[in-house]
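please work out how this folds:
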Amino acid sequence: MVRRSPSLRFFGGFLAFPGGKTSPVDADISVQSVRPVAASLKLVPPLSTRIVAAARELFEETGVLLARDSENSFPTSTSQLTSWRRELTTQKLTFRQLLLNHGLSIHEADFVRLGDVITPPFAPVRYDTSFFLAHLPPGQEADIWPGELDQGFWSTPKEVLNRWKRGECLVSPPSVVILQALEDQVAEGLDFEGAARGIEDSAATTRLAPLFQFHSSGEIPPIFFAPEVRLIPLRTLALPPTSYTNAYLVGREKSYLIDPGCGEPDERARLFRFLDQFVKEGARLEAIVLTHQHIDHVGAAAVCAERYHLPILAHPLTARALENKIVVTGTIQDGDRLDLGTPPNGHNGPGGINGEPGGVSPRSWYLQAIHTPGHASGHLAFFEPHYQLLFAGDMVSTISSVVIAPPDGDLTIYLESLRRLAALNCRLLLPGHGSVSSSPRQTIELCIRHRVEREEQLLAALASGPRGLEDLLVEVYKGVPEPLMKFARLQLQAGLEKLQREGRVVMNGNGWELLGLAQ
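Okay, the predicted model is just below:
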């Protein structure tokens, strides 16, 4: 396993398997013994290019070189491998030149393709990732050079998952499900190293095949960002640029479904199949929880409540906004806790994420409600302190700005709510739209800074004299695509109302103007 540097935007601070992206030059390197069946795979880039990329990235990241010489042997000289690796990482030569200079070639038989995973469409950047199994060449050692990675170690699936359950590390969602499958395999006494020696019908390949087949089935995949915390990307009537809303299923002994927002029958059917299997596996659904009343967060709330005989919980102001639409059967106030039962690790272990003493005493596991008005007057975020998770709803989007639409939306209050969330000691921010962030405070502060910059643009536009709303819209939101201008207009109105309440601008017959310029 390797740990990605916390400074990285994508999965920063997460444990994962070594790897990376293909490069155009990878296609120029031939792979020995690519069978016709492999060539028939409809992969873009093709399998041979992915194998080359896997070999190159593995060497760059760990110093392990899966390339053979003319005698079919792997290089073993540590000093030689270190020198080659330094030349490659400092771009003194390309991977192709390295192989040619030393008479090395890549062999398909050294890479057992386990399967592929494509990032679900909730994320703005998606990856089509192939996973391979390989055997460490005799005489070579894996070594991490600080940079994009800051840790690397050998371990067992069980130990990595136990560390994850204790809250000692973050693990990328694809790695979690692969480790879980391998842990089950080891528990059954099966050998998964055989696959690395070219035995493609080995236990590992057999065990992992259903997992990768499920990922390509179109069903909702298992996406764990923390133990017993599942992200469920659902197609909804969300605002551009996304058409997905993240629902979350938190807990197992007592589980809560947050924001099931899908409205289309086929998407609801996918959600039902997902939840049916969850319940079949012995989990217990306690309630549906709504962060706020917008359609992309509540679209399936009523049908889920009816199908699974669940209450719907929300803030009283959200319940009022949903009158005659959805029956909210219980209310949640600021500071209320939703009990999740026993935490996944079962007790306080050594090195807990909150710096608490070790031991075996049970501890509570819960979601704490935080009233965060601004986007909606009854908006709730939820903080889970055991793993330090923040379920932010629509307070933060990692895809675009959150729309503040008066009169229910209030920019002043929204910024106050953001600052309250930024003060929390969080490890992961799980938004209603976009990818999960492992830098919660920085992500929230970025949202605040964006609003401050927009306000500065607005004040600069008013400095030249009174302006009408439409003139300001064109100047402040220059370059925004026409379909999004109606949302920009709402943002502008919210900004002007904030400045008016602060006594900094005034509206008169000439339009909006700075108070110091008003006659």
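
and the pLDDT for Ala209?
On pLDDT, Ala209 comes in at 82.

which parts of the helix or strand hosting it are buried?
Ala209 is part of helix 203-215 when elements are defined by DSSP states H and E. Neighbour counts over helix 203-215 (16 or more other Cβ atoms under 10 Å) mark Ala203, Ala204, Thr205, Arg207, Leu208, Leu211, Phe212, His215 as buried. All C-beta spots, glycine's among them, are computed from the backbone N, C-alpha and C.

name the nearest of those residues relative to Phe122.
Distances from Phe122 to these, taken as Cβ to Cβ, are shortest for His215 (14.4 Å).

which residues does the closest one contact?
His215 is in contact with Gly115, Asp116, Val117, Ile118, Pro221, counting by Cβ atoms under 8 Å, 6 or more residues apart in numbering.

how about the residue nearest to the second one when sequence neighbours are not counted, what does it touch?
By that I understand Asp116. Ranked by Cβ to Cβ, 6 or more residues apart in numbering and with sequence neighbours excluded, the top spatial neighbour of Asp116 is Ser130, at 5.1 Å. For Ser130, the contact set (Cβ under 8 Å, 6+ apart) comprises Leu43, Leu47, Arg50, Ala54, Arg113, Gly115, Asp116.

which of those residues are buried? Put it as a PyMOL command.
Filtering these down to the buried ones (16+ other Cβ under 10 Å) takes a single PyMOL command:
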select buried, resi 43+47+50+54+113+115
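
can you list which of the contacts of Ser130 are found in strands?
Among the contacts of Ser130, the residues falling in strands (DSSP state E) are Arg113, Gly115, Asp116.

what sits up against the lengthiest helix in the chain?
For the chain, the helix that runs over the most residues, judged by DSSP state H, is helix 440-462. With contacts defined as Cβ under 8 Å, 6+ apart, helix 440-462 is touched by 390, 396, 398, 401-402, 411, 415, 418-419, 421-422, 424, 426-429, 437, 467, 472, 475-476, 491-492, 495-496, 498-499, 504-505, 512-514, 517.

low-scoring stretches of the stretch 401-519 of the chain, by residue?
Low-confidence segments of the stretch 401-519 of the chain, defined by pLDDT under 70: 517-519.

which parts of it are strands?
428-433, 505-508, 511-514 (DSSP state E, counting those that start in this stretch).

between those strands, which gets nearest to Val328?
In terms of Cβ to Cβ, the element of these nearest to Val328 is strand 428-433, at 18.3 Å.

so which of the buried residues of helix 203-215 is the closest to Arg126?
His215 (12.8 Å).

any idea which element Gly218 lies in?
Going by DSSP H and E, Gly218 is not in any helix or strand.

could you list every residue that touches it?
Contacts here follow Cβ under 8 Å, 6+ apart; on that basis Gly218 touches Arg270.

before we move on, back to that, just checking, next helix/strand downstream of the helix holding Ala209?
Toward the C-terminal end, the helix or strand that comes next after helix 203-215 (DSSP H and E) is strand 224-226.

avg pLDDT for that next one?
96.

same question, stretch 72-82
So the average pLDDT for stretch 72-82 ends up being 95.

what's the answer for stretch 150-163, then?
Regarding stretch 150-163, the rounded mean pLDDT is 95.

same question for stretch 279-292.
Stretch 279-292 comes out at a mean pLDDT of 97.

any idea how far that stretch is from the chain center?
Centroid separation for stretch 279-292 versus its chain: 21 Å, with Cα atoms, centre = their mean, to the nearest Å.

the residue lying closest to Gly147 once chain neighbours are set aside: how many residues sit nearby?
Leaving out its chain neighbours, the residue that sits closest to Gly147 by Cβ to Cβ, 6+ apart is Ser5, at 7.1 Å. Counted with other Cβ atoms under 10 Å, the neighbours of Ser5 add up to 14.

state the distance from Ser5 to Cys447.
Ser5 sits 23 Å away from Cys447, going by Cβ to Cβ, to the nearest Å.

same check on Gln500?
Taken as Cβ to Cβ, the span from Gln500 to Cys447 is 22 Å.

pLDDT score for Phe95?
pLDDT at Phe95 comes out at 97.

list the contacts of it.
Val25, Asp26, Ile29, Val52, Ala55, Arg56, Phe59, Leu88.

and what of Phe17?
Applying Cβ under 8 Å, 6+ apart, we find Phe17 in contact with Met1, Val2, Phe131, Ser175, Ile178.
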